[in-house]
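[1] model the following, please.
(one chain, ligands or ions: 1)
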Amino acid sequence: MNSAMPGRLATASEAITTWLQPLRPVLDPCDRIDWRRLAGVADALDRVLTHSPVGAALLAGAERSSRLRAIRRDLARHVDTTRDPDLFQLLTQFMCGYCDIDLRDTFGLGHGRLIGRHGSAQAQQRWIPRLLAGELAGIAVTEPHGGSRPAETHTCAVAGSDGTWRVTGRKTWIGRLTEAAVFVLFFRAPDGGLAAAAVDATEPGLRRQPIPPTGLAGWAWGVLDLDEVKIRQEDVLHGDGMLLLREHFAGYRPLVTATALGGAAAVFDAVTARLSARKAAGDLHRVRDSALITLGRTHVQLATGLLGAVTASHLAEGGHPAAELWGAATKAHGIDTANSATAELALLLGASGFRADCQTAKIRRDLSGLLYADGIHDSLYRTAGKQHATTKDTARDITAVPTPRGRSASVAMTA
Ligand SMILES: Cc1cc2nc3c(=O)[nH]c(=O)nc-3n(C[C@H](O)[C@H](O)[C@H](O)COP(=O)(O)OP(=O)(O)OC[C@H]3O[C@@H](n4cnc5c(N)ncnc54)[C@H](O)[C@@H]3O)c2cc1C
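    Got it, this is the predicted structure:
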């Protein structure tokens, strides 16, 4: 069992034993995934974390960032989850979050999925092997006028005489700011439409201003300025930028939600372990009813939050028209649930849970960042609400997201 106290860290194998295995009949009723392989991934993660721990005592900064990158690279040599069903990847994210929310980029392509699904053959050949070998992809959407309105993107490209585009603008609140090898950049194409491109992080014209965050501080975060950054035609992703963004986040948000719920589940287990230890030591004669009610309520909240994320992930994997709605709503709900459950549970730890080096305190800081990252929660609820307020005839058009390249004809690029 994990502990709220510093020095004792949660393991991925515990996440399977205490949370995923008991929920298996509802998480995976048709036995779609290989649970022995999932246990193997957990073992591999636990082995790496034994010699490279990333607990709250390892403060944010260069050393933490380089350790997280080394963990990703190390595991990339043994484990590739990108060919597994989305459910497998989602449960892997839950295990990562259970160990530490900063491990959310340990497996998979992350935002590099956009390149894998919509990139040109050249972009895929250039980036996918590097990402599979452990390098990181960032995403640059948000601008100073507000990330909840990507349709109003100001960063724009002008066509050069040599067939390339030059992009200028400012992106802000960008995660993986100094660690990403490639950014999936959203900008206005010369024809005025929203477009996306894979931009090499070493490209001249990129400038970074890191800003220290309150939570989710494993990666550098801050402002990414672009000054006439060169975009070749093969860097541009196929398809309308807004549709790419919507399709990507329909699948990505359930993964984020699972990571957050994993972190909250670790807090739950820390609290139950602490209560048991205090009772065994005779410090508590019995566990109060109010504490039992909190445990009962938060457990079912976290479990149903996870089921919601699994459902959203199934819809996204199948290209269902309602995938965007459920990805948005279950992210907002799952992150809200993780935040409220951990706030309630943390009280049961007493002041020991308030130590800066306590994993519970770190999880709470990270969870607060997830209220904003990958979609601010009130805008996500609003997206869902808007669709509920739309008539059935038009709802289908609003929710439809594009199928990835390979399943649809490629879209011609125009300069
Ligand atoms: C830890 C972290 C990591 C992040 N990583 C990335 C990243 O890697 N890449 C990236 O592109 N972005 C990233 N972001 C940015 C994130 O996506 C944005 O924070 C989010 O999209 C919301 O945008 P905003 O913060 O600019 O808030 P805004 O869009 O300004 O919204 C703030 C508030 O204003 C409200 N609002 C908006 N319009 C109106 C209106 N007309 N009237 C009244 N209220 C309104 C919103 O509902 C919201 O409550 C990250 C953020 C965080 C915190």
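
[2] give me the most central residue, this structure.
    Nearest residue to the geometric centre of the chain (C-alpha atoms, centre = their mean): residue 256, 3.4 Å.

[3] would you agree that residue is in contact with residue 328?
    No: using C-beta atoms under 8 Å, residue 256 makes no contact with residue 328, being 11.4 Å away. C-beta here means a position set from N, CA and C on the backbone, and glycine is covered the same way.

[4] assign the residue in the stretch 51-200 of the chain that the ligand sits nearest to to helix, strand or coil.
    Relative to the ligand, the nearest point of the stretch 51-200 of the chain is residue 147 (2.6 Å; C-beta to the nearest ligand atom). Secondary structure, DSSP: H, G, I helix; E, B strand; the rest coil: residue 147 is coil.

[5] do the one 10 residues further on as well
    Secondary structure assignment for residue 157 (three-state DSSP): strand.

[6] excluding its backbone neighbours, what's nearest it?
    Nearest residue to residue 157, sequence neighbours excluded (C-beta to C-beta, 6 or more residues apart in numbering): residue 165, at 3.9 Å.

[7] from residue 181, how far out is that neighbour?
    Noted for residue 165: a distance of 21 Å to residue 181, by C-beta to C-beta, to the nearest Å.

[8] what do you get for residue 83?
    Residue 83 sits 21 Å away from residue 181, taking C-beta to C-beta as the criterion.

[9] then residue 346?
    37 Å.

[10] and those two? Which one has more around it.
    Counted by other C-beta atoms under 10 Å, residue 346 and residue 181 do not tie: residue 346 has more neighbours, with 21 against 18.

[11] how about the residues of the stretch 51-200 of the chain near the ligand?
    By the rule C-beta under 6 Å from any ligand atom, the part of the stretch 51-200 of the chain lying against the ligand is 138, 139, 140, 141, 142, 146, 147, 148, 149, 173, 174, 175.

[12] please name the bridge partners of the third one.
    Beta-bridge pairing of residue 140, defined through DSSP bridges, involves residue 185.

[13] could you report the neighbour count for it?
    With other C-beta under 10 Å as criterion, residue 140 counts 27.

[14] and if you look at the fifth one?
    The number of residues packed near residue 142 is 23, by other C-beta under 10 Å.

[15] next one: the one 5 residues further on
    With neighbours defined by other C-beta under 10 Å, the count for residue 147 comes to 18.

[16] that one contacts residue 153, correct?
    No: contact status for residue 147 versus residue 153: not in contact, 10.2 Å apart, counting by C-beta under 8 Å.

[17] quickly list what's touching both of the two.
    Here residue 147 and residue 153 have residue 141 as joint contacts, going by C-beta atoms under 8 Å, 6 or more residues apart in numbering.

[18] phi and psi next, for residue 18.
    phi -90, psi -30 (degrees, to the nearest 10).

[19] residue 80 - that's part of a strand, no?
    No: assessed with three-state DSSP, residue 80 is coil; it does not lie in a strand.

[20] give me the pLDDT value at the closest residue to it other than its chain neighbours.
    Nearest residue to residue 80 in three dimensions, chain neighbours excluded: residue 132, at 6.4 Å (C-beta to C-beta, 6+ apart). With respect to pLDDT, residue 132 scores 98.

[21] just the one 5 residues further on next, same as before
    pLDDT for residue 137: 98.

[22] so it touches residue 175, yeah?
    No: Residue 137 is beyond contact range of residue 175, at 10.8 Å (criterion: C-beta under 8 Å).

[23] need the contact list for residue 279.
    285, 286, 287 are the contacts of residue 279 under C-beta under 8 Å, 6+ apart.

[24] nearest to the ligand among those residues?
    Using C-beta to the nearest ligand atom, the contacts of residue 279 come closest to the ligand at residue 287, 35.5 Å.

[25] got a list of what that closest one touches?
    Residue 287 makes contact with 275, 279, according to C-beta under 8 Å, 6+ apart.

[26] which element is it on?
    According to DSSP states H and E, residue 287 maps onto no helix or strand at all.

[27] hang on, the earlier thing: wait, isn't the residue nearest to residue 80 in contact with residue 79?
    No: Residue 132 lies out of contact with residue 79 (C-beta under 8 Å); the separation is 10.5 Å.

[28] other SSEs contacting the helix or strand containing residue 308?
    In the assignment (DSSP H and E), residue 308 maps to helix 289-317. Secondary-structure packing of helix 289-317 (3 or more C-beta pairs under 8 Å, 6 or more residues apart in numbering; DSSP states H and E): helix 21-27, helix 86-99, helix 241-280, helix 323-347.

[29] any idea of the angle that helix forms with helix 86-99?
    Going by axes from the mean of the first three to the mean of the last three C-alpha atoms, to 10 degrees, helix 289-317 is angled at 140 degrees with respect to helix 86-99.

[30] and helix 289-317, average pLDDT?
    On average, the pLDDT along helix 289-317 is 97.

[31] strands along the stretch 101-250 of the chain, start to end?
    Here the stretch 101-250 of the chain has its strands, by DSSP state E, counting those that start in this stretch, at 137-140, 156-159, 165-175, 182-188, 194-200, 206-210, 221-231.
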